[in-house]
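Colleague: sequence? don't have it. structure:
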């Protein structure tokens with residue numbers, strides 16, 4: 001091999017090494033760019049989660065750009081070209097017809113107490129002849145609603161005893177007693193109304209027991225939070241648990257069950273740290289035209305065995321998110337939840353996107369779900385059979401278009417859009 005050929009070979013090797021180095025550096029740069037984009041997306045999402053709106057509602061634009069808000073709704077809805085409806089009064093004059101909500105629509109059927117002011121006797125004298133005035137009618141003035149604070153009343157139960165006067169002096173007098181209704185809890189001042197009130201305020205209105213304790217104290221009753229807690233637990237076990245057992249049997253006999261689980265924090269639980277997560281599992285019946293059944297089941301973990309145990313006797317359709325724990329259910333048909341699917345696409349939309357911005361893949365995925373939800377709203381009041389027929393006619397083409405579109409999406413690896421696409425495919 002000549003010197004020139006050897007030199008050319010060395011130069012070619014150097015060029016190849018340089019090209020490989022450039023390619024490796026370019027790949028590294030691309031990887032770093034993807035990491036920066038993913039980290040930026042995470043940072044924007046974290047900032048939005050902390051300071052932004054948590055609503056998943058689609059931004060509605062009027063004329064393509066503006067969203068109706070709390071402060072400018074009046075200005076946006078105002079239209080000077082719209083005239084007021086007119087009507088003629090008793091004198092023939094034309095006046096504007098004011099749209100008024102009837103009081104009956106506001107207050108419903110409340111007890112009525114009439115307030116009729118009285119005149120003192122010394123004023124019921126005729127100013128002309130001095131005769132006594134008699135009532136001839138009354139004129140309506142106004143209506144109002146008054147708030148009457150709750151009041152406590154002590155009920156004392158007795159047994160009434162009866163005897164036969166003829167047998168009174170016999171060896172065995174005949175005496176009977178009335179039967180008093182059983183107490184809610186033995187040796188307790190608790191009544192169904194007071195315990196129900198504590199439960200309602202605690203679990204429906206979210207008022208802690210220590211605050212309720214102060215409310216009872218202001219009403220003159222020294223009812224400690226420990227006593228309230230004991231009553232809630234005891235009555236739940238004695239009266240509510242049999243009801244939930246009955247409803248669970250009815251739930252398992254239906255054809256469709258919706259299931260979901262949400263984390264809850266339990267501060268004091270044996271064998272667990274306060275920072276660890278526990279879960280409240282929710283099961284409810286589908287829209288089958290019957291009375292809905294909604295049940296909650298607390299469990300200390302998210303294991304799929306919890307759902308498998310609770311629904312072990314169920315055979316039908318289980319509608320849930322993509323959590324793999326539901327795969328442990330036997331003899332059921334799993335149905336994916338489109339609300340969770342839509343949420344994945346909503347989360348992948350960059351916060352602050354304008355309504356008139358270019359449609360991104362994340363927005364397109366959300367809009368496919370919106371279209372399906374709009375169809376479901378139209379079918380809400382139909383029978384299950386008619387809904388099934390309409391879904392085949394109206395929703396199936398949308399779903400087919402969605403899956404065909406999903407195959408064309410090439411998201412950035414590791415991004416939220418990639419997670420949404422993977423979630424949909426799974």
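Modeller: Good, I have the coordinates. Note that the structure is a prediction, hence the values are computed from the model and not measured. Numbers count the residues shown, from 1 in each chain.
Colleague: If we ignore the residues flanking it in sequence, what's nearest residue 371?
Modeller: residue 398 (5.4 Å; CB to CB, 6 or more residues apart in numbering). C-beta here means a position set from N, CA and C on the backbone, and glycine is covered the same way.
Colleague: who touches the one you found in this structure?
Modeller: 368, 371, 372, 375 (CB atoms under 8 Å, 6 or more residues apart in numbering).
Colleague: So it, which state does it fall into?
Modeller: Secondary structure, DSSP: H, G, I helix; E, B strand; the rest coil: residue 398 is helix.
Colleague: From residue 370, how far out is it?
Modeller: 10 Å (CB to CB, to the nearest Å).
Colleague: Between the two, which contacts overlap?
Modeller: Jointly contacting residue 398 and residue 370 under the rule CB under 8 Å, 6+ apart is no residue at all.
Colleague: Just want the phi and psi numbers for residue 284.
Modeller: phi -150, psi 160 (degrees, to the nearest 10).
Colleague: ranking the contacts of residue 398 by neighbours, who comes first?
Modeller: residue 368 (22 neighbours; other CB atoms under 10 Å).
Colleague: hang on, isn't residue 252 packed against residue 313?
Modeller: Yes. Taking CB atoms under 8 Å as the definition, residue 252 is a contact partner of residue 313 at 5.0 Å.
Colleague: So which helix or strand of this protein has the lowest pLDDT on average?
Modeller: helix 73-77 (a mean of 49; mean pLDDT, DSSP states H and E).
Colleague: roughly how far apart are residue 261 and residue 302?
Modeller: To residue 302, residue 261 is 6 Å away according to CB to CB.
Colleague: Find the residues that touch each one of those two.
Modeller: Any residue near both residue 261 and residue 302 by CB under 8 Å, 6+ apart counts here, and that gives 279, 323.
Colleague: With neighbour numbers in mind, choose between these two.
Modeller: Set residue 261 next to residue 302 and count neighbours by other CB under 10 Å: residue 261 wins out with 22 against 17.
Colleague: Could you point out the bridge partners of that one in the sheet?
Modeller: Beta-bridge partners of residue 261, counted by DSSP bridges, are residue 281.
Colleague: element containing residue 258?
Modeller: Residue 258 is located in strand 256-264, with elements delineated by DSSP states H and E.
Colleague: List the buried residues of that strand.
Modeller: Of all the residues in strand 256-264, those buried under the rule 16 or more other CB atoms under 10 Å are 256, 257, 258, 259, 260, 261.
Colleague: In this structure, where is pLDDT below threshold?
Modeller: In the predicted model of the chain, residues 1-3, 52-55, 59-108, 352-358 satisfy pLDDT under 70.
Colleague: So which other helices or strands are in contact with the strand holding residue 258?
Modeller: When contacts are defined as 3 or more CB pairs under 8 Å, 6 or more residues apart in numbering; DSSP states H and E, strand 256-264 packs onto strand 278-285, helix 304-310, strand 317-320.
Colleague: ok, now with 7 Å
Modeller: Applying 3 or more CB pairs under 7 Å, 6 or more residues apart in numbering; DSSP states H and E, we find strand 256-264 packed against strand 278-285, strand 317-320.
Colleague: helix/strand/coil for residue 142?
Modeller: Once three-state DSSP is applied, residue 142 turns out coil.
Colleague: Scan this protein for its longest helix.
Modeller: helix 3-51 (DSSP state H).
Colleague: helices or strands next to that one in the packing?
Modeller: Helix 3-51 packs on no helix or strand, going by 3+ CB pairs under 7 Å, 6+ apart.
Colleague: Swap in 10 Å and give it another go.
Modeller: Here helix 3-51 touches helix 338-347, helix 416-425, going by 3 or more CB pairs under 10 Å, 6 or more residues apart in numbering; DSSP states H and E.
Colleague: how distant is it from the center of its chain?
Modeller: With CA atoms, centre = their mean, to the nearest Å as the basis, helix 3-51 stands 48 Å off its chain's centre.
Colleague: just the angle between it and helix 338-347, please?
Modeller: 120 degrees (axes from the mean of the first three to the mean of the last three CA atoms, to 10 degrees).
Colleague: okay, the buried residues of strand 256-264 in CSV with distance to residue 8 next?
Modeller: Output for the buried residues of strand 256-264, formatted as CSV (distance: CB to CB, whole Å):
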residue, distance to residue 8
256, 76
257, 75
258, 73
259, 71
260, 70
261, 69
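Colleague: out of these, which one sits closest to residue 6?
Modeller: Of all the buried residues of strand 256-264, residue 6 sits closest to residue 261, with 71.5 Å by CB to CB.
Colleague: List the contacts of that closest one.
Modeller: 279-283, 297, 299, 301-302, 304, 306-307, 320-321, 323, 325-326 (CB atoms under 10 Å, 6 or more residues apart in numbering).
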